[in-house]
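Visitor: Starting from these lines, generate the structure:
(one chain, ligands or ions: 2)
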Amino acid sequence: MFKIGLTGNIGSGKTTVSKVFELLGVPVFYADDAAKKVMVTDRELIAGVKAAFGDSSYFEDGALNRKHIAAIVFNDKEQLARLNAMVHPATFRAFDEWVNAIKDVPYVLKEAALLFESDSYKMCDYSIMVQAPFQLRLKRVMERDSLSRAEVESRESKQFSEEKKAALADYIIINDDVQLLIPQVLELHQKFLSLGH
Ligand SMILES: CC(C)(COP(=O)(O)OP(=O)(O)OC[C@H]1O[C@@H](n2cnc3c(N)ncnc32)[C@H](O)[C@@H]1O)[C@@H](O)C(=O)NCCC(=O)NCCS
Ligand SMILES: Nc1ncnc2c1ncn2[C@@H]1O[C@H](COP(=O)(O)OP(=O)(O)OP(=O)(O)O)[C@@H](O)[C@H]1O
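Guide: Ligands and ions are numbered 1, 2, ... in the order given. Purely as a prediction, here's the structure:
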């Protein structure tokens, strides 16, 4: 069974592309969701996050106070590295457990914003990068969430550049408003299926 990593800059359409693969029957692990899940279920991690970023990192009902943490880590490189060092190992373990429970499929997909930055692409056989122009990504993210342009730019500045990601990726999917998305996914799906034979 192959493991394919899928990444892309903020708002590029990683999740949208992943949903198309899911429709084709490909199991998808959403690393960013898994990271958020371990942050509210892993006791050691919860204690670490509170110690590092304060008790207000969590609401009274145990939910993660994402705005509070984001305000700290996306404004301070060292704090972000500290958070990553706590969350990423727990997320890798969750992925391994998830993969081990899957049988009889030619390949699985791991969708991760930080596939390259976290080195998790090294645990995958191939990688895909979803690309879209900055202005379009900005428009999509601002329509979907309430992030400002400055917030999007700040997060991007903490990640590898688009050029660096593209150089590391084995395959690229263009998700702009010109090229059709689904045929590109179908083509890659066929390729991955044929790799298994
Ligand atoms: C800081 C948190 C609480 C902010 O939550 P929020 O809902 O505002 O953002 P969300 O998680 O949906 O991420 C939106 C985008 O921000 C960027 N981003 C998120 N985490 C990081 C990070 N650690 N480094 C750089 N960029 C990041 C990505 O482009 C991502 O697609 C959250 O992102 C988090 O817990 N991050 C640490 C875990 C992590 O590394 N997750 C992402 C990859 S596994
Ligand atoms: N080809 C497209 N046409 C129209 N809307 C799109 C397209 N691709 C993505 N979108 C929309 O743009 C927004 C961002 O897409 P998506 O959530 O898939 O990106 P993402 O890369 O997973 O984002 P993030 O990095 O923030 O997790 C979503 O609201 C999505 O519905």
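Visitor: For the residue nearest the centre of the chain, which non-adjacent residue is spatially closest?
Guide: Central residue check for the chain by CA atoms, centre = their mean: the C-alpha nearest the mean position is that of residue 112, 2.2 Å away. Counting by CB to CB, 6 or more residues apart in numbering, residue 112 lies nearest to residue 31, which is 3.6 Å off, once chain neighbours are set aside. No exception for glycine: its C-beta is placed from N, CA and C like everyone else's.
Visitor: any residue of the lowest-mean-pLDDT helix or strand in the chain up close to ligand 1?
Guide: Taking mean pLDDT, DSSP states H and E as the measure, the helix or strand of the chain with the lowest value is helix 149-157, at a mean of 88. Yes - using CB under 6 Å from any ligand atom as the criterion, contacts between helix 149-157 and ligand 1 involve residue 155.
Visitor: got the buried residues for stretch 86-99?
Guide: Taking 16 or more other CB atoms under 10 Å as the basis for neighbour counts, the residues of stretch 86-99 that come out buried are 86, 87, 88, 90, 91, 92, 94, 95.
Visitor: Need the mean per-residue confidence for it.
Guide: Confidence over stretch 86-99 (mean pLDDT, whole number) is 95.
Visitor: what does that stretch contact?
Guide: With CB atoms under 8 Å, 6 or more residues apart in numbering as the test, stretch 86-99 has contacts from 1, 3, 29, 31, 34-35, 37-39, 42, 45, 48-49, 52, 108, 110, 114, 118, 120, 123.
Visitor: pLDDT wise, what is the nearest residue to residue 77 once chain neighbours are set aside at?
Guide: On the basis of CB to CB, 6+ apart, the spatially nearest residue to residue 77 that is not a chain neighbour turns out to be residue 158, at 7.2 Å. At residue 158 the predicted local distance difference test score is 86.
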